[in-house]
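J.: I would like the atomic coordinates for the input below:
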Amino acid sequence: METLTEWKTPVQERSRRRFDLILKAAGAELAEAGWHRFTMESVAERANGSIGSVYRYFPNKLSLIAALVDSQNEMLLPVFETPFDGDRPFEDAVSELIHNYGAAVRQVPGLLALGRAALVDHDAHELFRSALGPVRQWIAAALGHRLPKIDPARIENIAIILVIAIESLLLFSHQPYAPSREIILRETLLILRGYINELSQASP
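T.: You can find the predicted model right below:
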């Protein structure tokens, strides 16, 4: 998977514009055509370029979608600027983050289609999980700020668990009979509150 998701980032401004245009076309194509009908040829046609111009930067479909996820993560960074301080309940900040992240993802072409594909395709699932990397980093950093005396490894484990819950929220949103968002969110916050209480009591 790692070797299949490498891409070439251009340095020159003109090449960068073409690169960005290909990524924009890839997002629109993934949103419209879906994971299984997404092809390098369809992206090239949508970007009004040659198939060679796409392969110049991306050796395969996975590398192109991985680059798309990476660029869309940058677009979602403002979501992680949710204010956090010691006077505000941490679960309130996490709840706000989940809400804002979900709303932002729905506005990003391609990510929802990738989420749907993640339910049935291993590569799509791995790429979708990589899109949640910034969420894990935010939670780990915020928990570390709130509980500075706790072992960072334990903080990281909590962040991973919470990201799995957030992933479930996004994945199950496509399923008609899946648990409701409110149930998953409530259970996530209960887990979070329990961990914070346990770690707070264990800290010297």
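
J.: check which element follows whichever strand or helix holds Ser63 along the chain.
T.: For Ser63, the element it lies in under DSSP states H and E is helix 61-76. Beyond helix 61-76 in the direction of the C-terminus, DSSP H and E gives the next helix or strand as helix 90-105.

J.: now that next one: buried residues?
T.: When neighbours are counted by 16 or more other CB atoms under 10 Å, the buried residues of helix 90-105 are found to be 90-91, 93-95, 97-98, 100-102, 104-105. Yep, even glycine has a C-beta here, placed from its N, CA and C like the rest.

J.: do you know how far the spatially most central residue of the chain is from Phe80?
T.: Centre of the chain computed as the mean C-alpha position; nearest residue by CA atoms, centre = their mean is Ala131, 2.4 Å away. Applying CB to CB, to the nearest Å, one obtains 13 Å for the distance of Ala131 from Phe80.

J.: swap in Ser50?
T.: Taking CB to CB as the measure, Ser50 falls 37 Å from Phe80.

J.: likewise for Ile139?
T.: Relative to Phe80, Ile139 is positioned 9 Å away (criterion: CB to CB).

J.: count the residues that sit near Asn48.
T.: Neighbourhood size, Asn48 [other CB atoms under 10 Å]: 9.

J.: name the residues that touch stretch 33-42?
T.: Contacts of stretch 33-42 with the rest of the structure, by CB atoms under 8 Å, 6 or more residues apart in numbering, involve 26, 29-30, 51, 54-55, 58, 60-61, 64-65, 113-114, 116-117, 121, 124.

J.: among the residues you listed, which lie within helices?
T.: Cross-referencing the contacts of stretch 33-42 with the helices (criterion: DSSP state H) gives 26, 29-30, 51, 54-55, 61, 64-65, 113-114, 116-117, 124 as the overlap.

J.: so can I have JSON lines of the residues you listed showing neighbour count?
T.: Compiled in JSON lines, the ones in helices among the contacts of stretch 33-42 are given as follows (neighbours: other CB atoms under 10 Å):
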{"residue": "Ala26", "neighbour count": "27"}
{"residue": "Glu29", "neighbour count": "25"}
{"residue": "Leu30", "neighbour count": "25"}
{"residue": "Ile51", "neighbour count": "14"}
{"residue": "Val54", "neighbour count": "24"}
{"residue": "Tyr55", "neighbour count": "15"}
{"residue": "Lys61", "neighbour count": "17"}
{"residue": "Leu64", "neighbour count": "26"}
{"residue": "Ile65", "neighbour count": "28"}
{"residue": "Ala113", "neighbour count": "21"}
{"residue": "Leu114", "neighbour count": "26"}
{"residue": "Arg116", "neighbour count": "18"}
{"residue": "Ala117", "neighbour count": "20"}
{"residue": "Ala124", "neighbour count": "20"}
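
J.: just to revisit the earlier point, overlap in contacts of Ile139 and Phe80?
T.: Counting by CB under 8 Å, 6+ apart, the shared contacts of Ile139 and Phe80 are Leu97.

J.: and Leu170, how far from Leu189?
T.: Distance, Leu170 to Leu189, using CB to CB: 17 Å.

J.: those two - which one has more neighbours?
T.: When neighbours are counted by other CB under 10 Å, Leu170 comes out ahead of the other of Leu170 and Leu189, with 22 against 19.
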